[in-house]
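Visitor: pasting the sequence and the predicted coordinates here, then a few questions.
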Amino acid sequence: QVQVVESGGGLVQAGGSLTLSCSASGIVMINAMGWYRQAPGKKRELVAVKISGGETYYEDFAKGRFTISKDNAKNTVYLQMTSLQPEDTAVYYCNIDMYPRPSNFYRDYGAGDYWGRGTQVTVSS
């Protein structure tokens with residue numbers, strides 16, 4: 001049974017930091033682990049993705065503030081978020097892809113097949 005479980009969301013003041021975690025189990029092969037987010041009234045968008053082989057992709061708003069990292073032994077991906085702003089308020093979702101794909105696949109609105117249920121991040125001003 002596939003399970004993708006996020007944790008680490010919460011309420012933080014502007015300028016603060018949070019680290020999200022996502023653990024995956026029951027997936028035979030993992031080639032990419034990424035984070036997406038969806039703010040109220042907006043479409044889900046990519047935040048960052050880490051691909052097997054070392055390639056990492058960040059959307060522009062995440063560059064310099066967010067860091068994605070992966071523990072392959074634990075099938076866990078992390079998202080360290082710093083300098084958070086109210087516009088970062090969203091539900092953050094973990095995504096797992098079994099297939100080897102280049103970063104532009106995820107950049108251009110693609111995603112893997114497995115999603116977590118999301119974790120709420122709220123940044124107060």
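Guide: Structure's in. What do you need?

Visitor: quick one: buried residues of stretch 75-88?
Guide: Neighbour-count burial for stretch 75-88 flags N75, T76, V77, Y78, L79, M81, L84, D88 (criterion: 16 or more other Cβ atoms under 10 Å). From N, CA and C alone the C-beta is placed, and that goes for glycine too.

Visitor: so which elements touch the lowest-mean-pLDDT helix or strand in the chain?
Guide: Here the helix or strand of the chain ranked lowest by mean pLDDT, DSSP states H and E is helix 103-107, holding a mean of 91. The criterion is 3 or more Cβ pairs under 8 Å, 6 or more residues apart in numbering; DSSP states H and E, and the helices and strands that helix 103-107 contacts are strand 45-51, strand 56-58.

Visitor: ranking these by burial, who's on top?
Guide: Ranked by mean neighbour count, these are led by strand 45-51 with a mean of 21 (mean count of other Cβ atoms under 10 Å).

Visitor: strand partners (parallel or antiparallel) of it?
Guide: Sheet pairing for strand 45-51, assigned by DSSP bridges, gives strand 32-38 (antiparallel), strand 56-58 (antiparallel).

Visitor: what does that strand contact?
Guide: Outside strand 45-51, the residues within contact range by Cβ atoms under 8 Å, 6 or more residues apart in numbering are 31-38, 56-59, 62, 66, 68-70, 77, 79, 92, 95, 100-103, 106-107, 109, 111.

Visitor: buried only: go through those for me.
Guide: Burial by neighbour count, judged by 16+ other Cβ under 10 Å, picks out 32-37, 57-59, 62, 66, 68, 70, 77, 79, 92, 95, 101, 103, 106, 111 from these.
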